[in-house]
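> Sequence first, then the predicted structure:
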Amino acid sequence: MAITVYIPTPYRDLTAGQGHVSADGRTLHELIDDLERRYPGLRERLCDQTGIRSHLNVFINGQEMRTLRGEETPLTDGDEVAFIPALVGGGPAPTGSAGKGRFPGAFS
């Protein structure tokens, strides 16, 4: 069974620069096991002690895995899985900064 997996740029050092790889598994959990066999170290980037890292979104055929059956979501030949790290950073604008700076009026 071949499943196409999108590997985000920050993790491609483990896949020799490949953005898409093939892997096997009847569930997302098994797929991650296979990815680890093929690309050692990838599981540590994808998972922590409790499962998929909280900052990582996983899409299976365009649906977020948390709205399906999580890591036990069944997979079949031809499925597409994408690991997408959430964008983090930034913070609230300083008090009184609305409409000032590089984008005047943008926050009015």
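Happy to help now that I have it. Numbering: from 1, shown residues only.
> these two touch, right, Thr15 and Val21?
Yes. When contacts are counted by Cβ atoms under 8 Å, Thr15 is listed as touching Val21 (5.6 Å). All C-beta atoms are positioned from the backbone trio N, CA, C, and that covers glycine.
> and the gap between the residue nearest to Pro10 when sequence neighbours are not counted and Leu56?
Excluding the flanking residues, the one nearest Pro10 by Cβ to Cβ, 6 or more residues apart in numbering is Pro85, at 6.6 Å. According to Cβ to Cβ, to the nearest Å, Pro85 and Leu56 sit 6 Å apart.
> How about Leu31?
Computed with Cβ to Cβ, the distance linking Leu31 and Leu56 is 14 Å.
> Comparing these two, which residue is more hemmed in?
Using other Cβ atoms under 10 Å as the criterion, Leu31 and Leu56 rank with Leu31 on top: 23 against 18.
> would you list every one of the strands in this protein?
With strands called from DSSP state E, the chain shows them at 3-6, 20-23, 47-48, 51-52, 56-60, 63-64, 80-85.
> Quick check: which of the ones you listed is nearest to Tyr39?
strand 20-23 (7.3 Å; Cβ to Cβ).
> Give me the helices and strands touching that closest one, please.
Judged by 3 or more Cβ pairs under 8 Å, 6 or more residues apart in numbering; DSSP states H and E, strand 20-23 is in contact with strand 3-6, helix 28-38.
> And Ser108, what's its pLDDT?
We have a pLDDT of 45 for Ser108.
> got it, and Thr4?
We have a pLDDT of 97 for Thr4.
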